[in-house]
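[1] coordinates only, no sequence provided:
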C-alpha cells in the first residue's frame, strides 16, 4: 500500500501541465504562410503585458492604485488610475517587442507611432475595459485587434494602416482579469482560451476550440435605457421577457461577453436617443470581439449591417453592437429591420 501511495504522489507531481500559450503559438505558426514569426512574437508580447497588468490589478487594493486618476481621456470619460497603468504597460510591451509600427488605444487621442517602421503590424486596443468596476472587484479586461499594415514596410505608418474594416483583422482577442485570469484569442482559425497559472507564471490552454451555442437563454443589456431604445430593440427585449430568458449584465463588457461566448446568449449595446451612433468604439471594442464571436460560430451586427463590414471613418468611431448566438442575433435583426423599412 505504501508503494502504491508513493507512486500516486509521484505521478501527481510529474503529470503534464498542459500546453502553454507560447508553445501553442509556435505550433500554430504554419497557419500564416506570409509570416516569419513576427505575429507569433506579437501575441507573446500581448501575453507578457497581460501578466504585468494582471499583477498590478491583483495588488491594486493594497497599493493605492484604485479609483480616479484625475484626468479625462479623449472621450471625455474620467480615467481610472488602472486605465493609465494598463495603457502604459501595453504600449511599452508592444513598442519594445518591435513587431508593431503603430498603436491605437482608447486612452490616446491619436495614433501612437512606435518608431519601428520595419514592423508589419498594427494593434488597436482598449487597455482596460470596465475599469470603473475595479473598486468593486468585478471582472475587467483588455481587448485587442491586430491588422497587417497597408503602407510599405520601412516607411512611417499612415492613417490608412489603422482605418481598416474588421474583416481585415489577422488576430483579435481579450484578456479577462477575474477569479481566474484568461486570455482568449483567434487568428481566424477558431477560438482558444488560456488560463493563467500563477505558480508557473504561464497561460495554459484550458478552453480549446471554443464554440458558442446557436441559441441560448441569457441576454446582457442595460435596460435602464429602455425609454431611449428603438421600438425594434424594445420588441426584442419583450420577446426575451416572454421567453423567460435570464438577464446577466455587469457593466463590464469583457465579462458579459465571456459568459455569452461560453454559455450562449446575446450581448446588446444598441443605439439610444442620446447616442444615435452607439457608444462602443468600432476599432478596438466592436471589431475584435465580433471577430472572436464569429470565429466561435456566433454573429455580430449593428442591427442593420455585419460589424466586420463597417468602413471606419475615424479612430474613435462608435457603433451599436449586438453579438452572440446566431439565432438570437438574427431574431433581433429581424425585429429592428422591420421598422427600418
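    Looks like it came in fine. Quick caveat, the model's predicted, so the values are computed rather than measured. Numbers count the residues shown, from 1 in each chain.
[2] centre of the chain to stretch 275-288, how far?
    12 Å (Cα atoms, centre = their mean, to the nearest Å).
[3] ends of it, how far apart?
    21 Å (Cα to Cα, to the nearest Å).
[4] domain ranges for this protein, per the record?
    Here the domain assignment for the chain is 18-207, 218-340, based on automatic domain parsing.
[5] any idea which of those scores lowest on pLDDT?
    Mean pLDDT is lowest for domain 18-207 out of the domains of the chain, coming in at a mean of 88.
[6] between the two ends of that one, what distance do you get?
    One end of domain 18-207 to the other measures 11 Å (Cα to Cα).
[7] over to stretch 29-38?
    Where stretch 29-38 starts and where it finishes are 10 Å apart, if you go by Cα to Cα.
[8] can I get the domains of the chain in CSV with mean neighbour count?
    For every residue, glycine as well, the C-beta is placed using N, CA and C. Formatted as CSV, the domains of the chain follow (neighbours: other Cβ atoms under 10 Å):
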stretch, mean neighbour count
domain 18-207, 19
domain 218-340, 20
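[9] what about residue 179, which SS state?
    coil (DSSP: H, G, I helix; E, B strand; the rest coil).
[10] that one contacts residue 139, doesn't it?
    Yes: the pair residue 179 / residue 139 is scored as a contact, 7.4 Å apart, by Cβ atoms under 8 Å.
[11] residue 259 is in contact with residue 178, correct?
    No: with contacts counted by Cβ under 8 Å, residue 178 stays clear of residue 259, the gap being 11.0 Å.
[12] give me the residues contacting the helix or strand hosting residue 203.
    Element membership for residue 203, per DSSP states H and E: strand 202-207. Applying Cβ atoms under 8 Å, 6 or more residues apart in numbering, the contact partners of strand 202-207 are 17-22, 24, 47, 50, 182-184, 192-197, 262.
[13] which of those fall in strands?
    182, 183, 184, 192, 193, 194, 195, 196, 197 (DSSP state E).
[14] let me have the residues you listed in JSON lines, adding distance to residue 149 as columns.
    JSON lines is the format used below for those (distance: Cβ to Cβ, whole Å):
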{"residue": "182", "distance to residue 149": "29"}
{"residue": "183", "distance to residue 149": "24"}
{"residue": "184", "distance to residue 149": "25"}
{"residue": "192", "distance to residue 149": "25"}
{"residue": "193", "distance to residue 149": "28"}
{"residue": "194", "distance to residue 149": "27"}
{"residue": "195", "distance to residue 149": "32"}
{"residue": "196", "distance to residue 149": "30"}
{"residue": "197", "distance to residue 149": "34"}
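[15] of all those, which comes closest to residue 83?
    residue 183 (19.5 Å; Cβ to Cβ).
[16] quick one: residues contacting the closest one.
    21, 46, 47, 50, 173, 174, 175, 193, 194, 196, 203.
[17] what about the helices in this protein?
    2-14, 21-27, 38-63, 81-97, 159-162, 231-242, 253-263, 287-295, 326-340 (DSSP state H).
[18] would you turn the ones you listed into TSV with distance to residue 122?
    Converted to TSV, those look like this (distance: least, Cβ to Cβ, whole Å):
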stretch	distance to residue 122
helix 2-14	43
helix 21-27	19
helix 38-63	10
helix 81-97	10
helix 159-162	5
helix 231-242	33
helix 253-263	21
helix 287-295	12
helix 326-340	28
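[19] these: which one's closest to residue 116?
    Using Cβ to Cβ, the helices of the chain put helix 81-97 closest to residue 116, at 7.4 Å.
[20] surely residue 213 meets residue 260?
    No: Residue 213 lies out of contact with residue 260 (Cβ under 8 Å); the separation is 9.4 Å.
[21] what sits in contact with each of these two?
    What both residue 213 and residue 260 touch, as defined by Cβ under 8 Å, 6+ apart, is the set residue 325.
[22] contacting residues around residue 43?
    21, 25, 171, 185.
[23] can you do 6 Å?
    residue 25 (Cβ atoms under 6 Å, 6 or more residues apart in numbering).
[24] next: residue 176.
    139, 141, 182, 254, 258.
[25] distance of it from residue 169?
    19 Å (Cβ to Cβ, to the nearest Å).
[26] quick one: the residue lying closest to residue 41 once chain neighbours are set aside from residue 137, how far?
    Computed as Cβ to Cβ, 6 or more residues apart in numbering, the closest residue to residue 41 that is not its neighbour in sequence is residue 99, at 5.2 Å. Separation of residue 99 from residue 137 (Cβ to Cβ): 34 Å.
[27] cool, residue 254 as well?
    Distance from residue 254 to residue 137, by Cβ to Cβ: 15 Å.
[28] same question for residue 319.
    Residue 319 is 30 Å from residue 137, by Cβ to Cβ.
[29] same question for residue 331.
    Counting by Cβ to Cβ, the gap from residue 331 to residue 137 is 34 Å.
[30] and residue 202, by the same measure?
    24 Å.
[31] also residue 144?
    23 Å.
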